[in-house]
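A.B. asks: Let me see the structure of the following:
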Amino acid sequence: FASKAHGMDDQQVVVFAEEYFKAVDADRMSLRFKYAPTASLVWNGNPVAGLDDVLRLFQSLPPTKHRLMCVDAQPTALNDTTCLLIVVKGHVSYGDCPQKSFAQTMVVVPVAANIESWSIVNDCFRFLPH
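C.D. replies: Numbers count the residues shown, from 1 in each chain. Next comes the predicted model:
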């Protein structure tokens, strides 16, 4: 699991995930501060690239309510930069639609020299079959 040497300990990873999904559910414009300007996202097989397109995708979705079941992470490297691979599984409901299970995998990197602040550079969200 992520160690403090890589900038986030176990609890900080969980807090990062909880804050992210709180923003998705209640304040999607604040996601601007969670994603890198060059971030890419694949949402159920639909790719988007760049912060503006990522935000447009989230704004196009109906209201959501996420419930996290598990959060895991491990340190990795991307172009000689320490980063974390974060995997989340949970349930989400969209508007009045029935709840669905989902898996989400994010690659996050430290923002500039501030190891305490992280930014999503790659994100993959997928509904899971029941």
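A.B. asks: Tell me the secondary structure of the residue lying farthest from the centre of the chain, please.
C.D. replies: Centroid-distance maximum for the chain: Asp96 at 23.3 Å, with CA atoms, centre = their mean. At Asp96, secondary structure determined by DSSP: H, G, I helix; E, B strand; the rest coil is coil.
A.B. asks: and it, what is it in contact with?
C.D. replies: By CB atoms under 8 Å, 6 or more residues apart in numbering, the contact list for Asp96 is empty. Yep, even glycine has a C-beta here, placed from its N, CA and C like the rest.
A.B. asks: Quick check: beta-bridge partners of Tyr35?
C.D. replies: Per DSSP bridges, the residues bridged to Tyr35 are Ile120.
A.B. asks: ok, back up a step: what about the residue farthest from the centre of the chain, distance to Pro62?
C.D. replies: 9 Å (CB to CB, to the nearest Å).
A.B. asks: Then Ala103?
C.D. replies: On the measure of CB to CB, Ala103 and Pro62 end up 20 Å apart.
A.B. asks: Break down the chain into its strands, ranges please.
C.D. replies: Secondary structure of the chain (DSSP state E): strands at 35-43, 46-49, 64-78, 81-94, 100-111, 114-128.
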